[in-house]
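[1] Turn this into a model:
(one chain, ligands or ions: 1)
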Amino acid sequence: MTGERLSIEVSHLTKRFDTVTAVQDLSFTIRPGAITGFLGPNGAGKTTTMRMILGLVTPTSGSARIGGRRYRDLARPSGTVGAVFDASAFHPGHTARNHLRTYAAMGGYPDGRVEQVLQLLDLSRVAHRRTRTFSTGMRQRLNLATALLGDPRVLLLDEPGNGLDPEGIAWLRDFLRELARQGRTILISSHVLSEVQQIVDDVVVIRDGRKVIAGRLTELVGEAASLEQLFLRLTTDRPTADRPTADRTEGAR
Ligand SMILES: Nc1ncnc2c1ncn2[C@@H]1O[C@H](COP(=O)(O)OP(=O)(O)OP(=O)(O)O)[C@@H](O)[C@H]1O
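    Next up is the predicted model:
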């Protein structure tokens, strides 16, 4: 295994948009070498948190650090963190190869890297096709290819399993597992729990911008029949304030 092992540390992070508190005093640590699922109902604050980790949204208070540094203080931000947010954000008239070349140019990566990620994601055969002809599975692969252009040690993926069939989910699991085995840090958001259960090692569950639970999936689900049951119990039973917060993530605060 080579390469840096970088944790993501979120510490007392809060974000208010006018009257809406999207994220409130949120703290957790994401360890390298594992896949962590970032879970919560619609509007829980997942995207806002991920955007704060990437420095795209300024926190009202608190901090998010990658390997001890804020995103903007990283020496090679796009080479350290690969992120994908919107699965449909491709220009429909661009080919997959042109899409990747545009992003490679922005990141300062050579065109040869485009061919490498096309191969890695098994997209070489369709690289000449316009992205409007792509299936959901191909779009998700192209998303991953885009995120991997800079060979980042940290990956932030918003709903990477969205729309994938069981075969696609199995492929995604194996692909992300290999990246985690290389010591990379992988955070994936999702609300499709049956999918997540097959893919992740750790979970962080939030609701109304606050942490509900965090820890190793096997330990947490051991107390419930399934991740889905645990999730429903934790996110719908009672108001968050009444509920004790468990946290068993290694090094989590
Ligand atoms: N730019 C913004 N201005 C005002 N409110 C915002 C803004 N961005 C997010 N919010 C609000 O913050 C809350 C959290 O939103 P966020 O998108 O982070 O949740 P999420 O967990 O990613 O949801 P989903 O699963 O639906 O994508 C929501 O109430 C949302 O309406």
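
[2] In contact with L164, which residues?
    Contacts for L164 (C-beta atoms under 8 Å, 6 or more residues apart in numbering) come out as T136, G137, Q140, W171, L172, E195. Glycine gets a C-beta too; all of them are placed from N, C-alpha and C.

[3] Need the pLDDT of it.
    What the model reports as pLDDT for L164 is 87.

[4] Just say helix, strand or coil for it.
    For L164, the assignment made with DSSP: H, G, I helix; E, B strand; the rest coil gives coil.

[5] and of the contacts of L164, the nearest to the ligand?
    Ranking those by separation from the ligand, with C-beta to the nearest ligand atom as the measure, puts E195 on top at 14.2 Å.

[6] so that closest one makes contact with E159?
    No. In terms of C-beta atoms under 8 Å, E195 does not count as a neighbour of E159; the distance is 9.5 Å.

[7] Comparing the two, which residue is more hemmed in?
    For E195 versus E159, the count of surrounding residues by other C-beta atoms under 10 Å is larger for E195: 23 against 20.

[8] Quick one: the strands in the stretch 101-250 of the chain, in order.
    Per DSSP state E, counting those that start in this stretch, the stretch 101-250 of the chain has strands spanning 154-158, 185-190, 202-207, 210-216, 246-247. These are given in chain order.

[9] Format the ones you listed as CSV; extra columns: mean neighbour count and mean pLDDT.
    Formatted as CSV, these follow (neighbours: other C-beta atoms under 10 Å; pLDDT from 0 to 100):
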stretch, mean neighbour count, mean pLDDT
strand 154-158, 24, 95
strand 185-190, 25, 95
strand 202-207, 25, 94
strand 210-216, 22, 94
strand 246-247, 16, 46
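
[10] Kindly reformat those strands as a markdown table containing distance to L56.
    Listed next are the strands of the stretch 101-250 of the chain as a markdown table, based on distance: least, C-beta to C-beta, whole Å:
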| stretch | distance to L56 |
| --- | --- |
| strand 154-158 | 11 |
| strand 185-190 | 15 |
| strand 202-207 | 18 |
| strand 210-216 | 21 |
| strand 246-247 | 26 |
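
[11] Distance to the ligand for these - can I get that in JSON lines?
    As requested, the strands of the stretch 101-250 of the chain are exported to JSON lines (distance: least, C-beta to the nearest ligand atom, whole Å):
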{"stretch": "strand 154-158", "distance to the ligand": "8"}
{"stretch": "strand 185-190", "distance to the ligand": "7"}
{"stretch": "strand 202-207", "distance to the ligand": "7"}
{"stretch": "strand 210-216", "distance to the ligand": "12"}
{"stretch": "strand 246-247", "distance to the ligand": "19"}
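
[12] Can you name the residues that contact the residue of the stretch 51-200 of the chain found nearest the ligand?
    The stretch 51-200 of the chain approaches the ligand most closely through H191 (5.9 Å), counting by C-beta to the nearest ligand atom. Applying C-beta under 8 Å, 6+ apart to H191 gives the contacts L39, G40, P41, N42, E159.

[13] From the residues you listed, which land in strands?
    Here DSSP state E is the test, and the contacts of H191 give L39 as lying in strands.

[14] L13 is in contact with T49, correct?
    Yes. T49 sits in contact with L13 when judged by C-beta under 8 Å, with a separation of 6.7 Å.

[15] Report the two of the contacts of H191 separated the most.
    P41 and E159 (13.5 Å; C-beta to C-beta).

[16] related to what we said a few turns ago, so which of the contacts of L164 sits lowest on pLDDT?
    pLDDT across the contacts of L164 is lowest for E195, at 79.
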